[in-house]
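J.: Fold the following for me, if possible:
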Amino acid sequence: MSSEHPDSPLGPLIDSHPVKVAVTSDVVVDVHPFDFHALGLAGVIDRLAARMRSVGLKVALEVGHAEAEIDRRIAILLYRVTDELFRNIVAHALAQEVKILLQVAPGAIELSVQDDGTGFHGNRLLSTEAAEGGLRKLHRAVGRAGGYLDVRSSEETGTCVTVQLPLD
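T.: Numbers count the residues shown, from 1 in each chain. This next block holds a predicted model:
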């Protein structure tokens, strides 16, 4: 289910204080034009997916049908995770299709981004010896927020990154 309109099932996930996020070529700044309160988390992620579609990737967004409220910092973190994963897919994966699943799990919100690209050795990238890459930084940020980030990748199946963050 694509959520291109503000009355998406996850619209109520954002608290009453609007959070605006602007995207420039390489930087995310919390000012505008994305309004989480008006678009909902799924709507903002769908805007990111539209950028992926504009470079020729087939992107499907599926949104679960549960309602919950999440802290706006968690919403921003999920936005930033999605943006970084999209950047990695475009730069490294050689993917043709991307599937995004956004759903509420018991006590948490979960985001999965699956591509059909070339894959890599995910555990090596998240190890303490790894270079300070985007996935490593995301792993730390998600951990600081009380969540987890799981990377599964192979040449045969591509890469799936799942992030789960607490609702409380």
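J.: Parallel or antiparallel, list what pairs with the host helix or strand of S153.
T.: Counting by DSSP states H and E, the element that carries S153 is strand 148-154. Strand 148-154 pairs in its sheet with strand 158-166 (antiparallel), by DSSP bridges.
J.: okay, and the helix or strand of the protein with the least pLDDT?
T.: Every helix and strand in the chain was compared by mean pLDDT, DSSP states H and E; the lowest is strand 20-23, with a mean of 39.
J.: Name the SS class of the residue nearest to the spatial centre of the chain, please.
T.: Central residue check for the chain by CA atoms, centre = their mean: the C-alpha nearest the mean position is that of T82, 2.5 Å away. Judged by DSSP: H, G, I helix; E, B strand; the rest coil, the three-state class of T82 is helix.
J.: now swap in I74 and tell me
T.: Assignment for I74 (three-state DSSP): helix.
J.: cool, R87 as well?
T.: Quick answer, by three-state DSSP: R87 is helix.
J.: how far away is the residue nearest to it when sequence neighbours are not counted from L149?
T.: Once flanking residues are discounted, R87 sits nearest to G134: 7.0 Å by CB to CB, 6 or more residues apart in numbering. C-beta: built from backbone N, CA, C; applies to glycine. The gap separating G134 from L149 is 11 Å, by CB to CB, to the nearest Å.
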